[in-house]
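[1] fold the following for me, if possible:
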Amino acid sequence: MSETLQYWASVFNTLSIISNQQTPNYGDYLSIPECFNILMSVGNYSHAQMSMPSLQLEFGYNSRCMIAFSRRIVRHGIHEVEGDRC
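    Just a heads-up that it's a prediction; the model follows:
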């Protein structure tokens with residue numbers, strides 16, 4: 001744990017907001033591979049899907065869902081949905 005903290009001293013060091021947009025599969029190559037990113041989805045919508053093609057996964061990403069993974073290592077994307085999503 002102490003080795004990780006030298007790279008990531010605070011769990012609240014970055015905040016990004018993507019609102020009502022489909023995101024193509026991508027990796028965040030500026031993230032540190034040893035650290036996890038936490039994605040949270042909020043809004044009034046349903047039937048959202050997140051894909052992680054490098055892991056051959058696709059799963060529900062509805063409102064109030066939280067996912068933690070290394071965005072640098074795992075490519076991911078969100079499919080377009082109807083409604084308000086943030």
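
[2] check contacts around the most centrally placed residue in the chain.
    In the chain, the residue lying closest to the centroid (CA atoms, centre = their mean) is residue 39, at 3.9 Å. Residues in contact with residue 39 (CB atoms under 8 Å, 6 or more residues apart in numbering) are 66, 67, 68. In this view, the C-beta of every residue, glycine as well, is placed from N, C-alpha and C.

[3] closest one of those residues to residue 30?
    Minimum distance to residue 30 across the contacts of residue 39 is 17.6 Å, recorded for residue 68 (CB to CB).

[4] quick check, the closest one in contact with residue 38.
    Yes: the pair residue 68 and residue 38 qualifies as a contact (CB atoms under 8 Å) at a distance of 4.8 Å.

[5] quick check: phi and psi on the closest residue to residue 65 other than its chain neighbours?
    Spatial nearest neighbour of residue 65, chain neighbours left out: residue 41 (4.9 Å); criterion: CB to CB, 6 or more residues apart in numbering. With angles defined as degrees, to the nearest 10, residue 41 sits at phi -110, psi 130.
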